[in-house]
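>>> build me a structure from this.
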Amino acid sequence: MIRVLIVNALRFLALVFLQVFLLKNISLYNLSMPYPYILFILLLPFEVPNVLLFLLSFLLGLSIDAFYDTPGLHAASCVLLALVRIMFISITVQKEGFDNEPEPTLGNMGFRWFFAYAGILTLVHHFFLFNLEVFHLSEIQYTLLRFLLSSAFTLFLILVSSFLFFRRKER
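Residues are numbered from 1 along each chain as shown. This next block holds a predicted model:
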């Protein structure tokens, strides 16, 4: 239990540090901006209570908001991400499977499930984030293009990092 707490605290700090100090200034023609900090929420263990999941998601989004000068955009998007995570996991994972696979990682759940999981949650997060940022329909094409390109870039980074830290589950 202590090991899981330490790993997740280090993951939180590393992803916020990576996002704020390295990836904040990376963008492709202001169309594609990576937000791999959401990997923290994606990789939290299955047995994390929902209240704690929402609190951690809010704190993660608020931490990013503090450095990006976006009052509440990332916090709201992360809380929505936590809600969609709960719904996705309750639909796709059986309750008795929690004992065998404690975390939704690529190594534990397999590529197909993890790709669908990370893809859907990234799309939801980015769609909400970019629409909340613009908040009017006059620039809908630009917003949708940013949403799709940023989602693809973020998903690519999430998959690369998952393969780098990939550990095959032991049977």
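
>>> what pLDDT does the model give Tyr29?
Confidence per residue is given as pLDDT, and for Tyr29 that number is 84.

>>> meant to ask about Ala118, not that
Predicted confidence (pLDDT) at Ala118: the value is 95.

>>> that one reaches Leu159, doesn't it?
Yes. Counting by CB atoms under 8 Å, Ala118 does reach Leu159; the two are 7.0 Å apart. Quick note: C-beta positions are derived from backbone N, CA and C, even for glycine.

>>> return the residues in contact with the residue nearest in space to the middle of the chain.
The centroid of the chain falls nearest to Ile38 when counting by CA atoms, centre = their mean (2.3 Å). Contact partners of Ile38, counting by CB atoms under 8 Å, 6 or more residues apart in numbering, are Cys78, Leu81, Leu121, Thr122, His125, Thr154, Ile158.

>>> helix, strand or coil for it?
Three-state call for Ile38 (DSSP: H, G, I helix; E, B strand; the rest coil): helix.

>>> burial of Val160, as a residue count?
By other CB atoms under 10 Å, the residues close to Val160 number 11.

>>> for the lowest-mean-pLDDT helix or strand in the chain, packing partners?
For the chain, scoring each helix and strand by mean pLDDT, DSSP states H and E identifies helix 106-109 as the least confident one, at a mean of 84. Counting contacts by 3 or more CB pairs under 8 Å, 6 or more residues apart in numbering; DSSP states H and E, the secondary-structure elements packed against helix 106-109 are helix 140-164.

>>> what about the helices in this structure?
Assigned by DSSP state H, the chain shows helices spanning 2-18, 39-42, 50-68, 73-92, 106-109, 111-134, 140-164.

>>> count the residues that sit near Met109.
By the other CB under 10 Å criterion, the neighbourhood of Met109 contains 19 residues.

>>> try the one 5 residues further on
Using other CB under 10 Å, Phe114 is surrounded by 20 other residues.

>>> excluding its backbone neighbours, what's nearest it?
Leu106 (4.5 Å; CB to CB, 6 or more residues apart in numbering).

>>> distance check, the one you found against Leu83.
Distance of Leu106 to Leu83, computed by CB to CB, to the nearest Å: 23 Å.

>>> what's the answer for Thr92, then?
When distance is defined by CB to CB, Thr92 is 15 Å away from Leu83.
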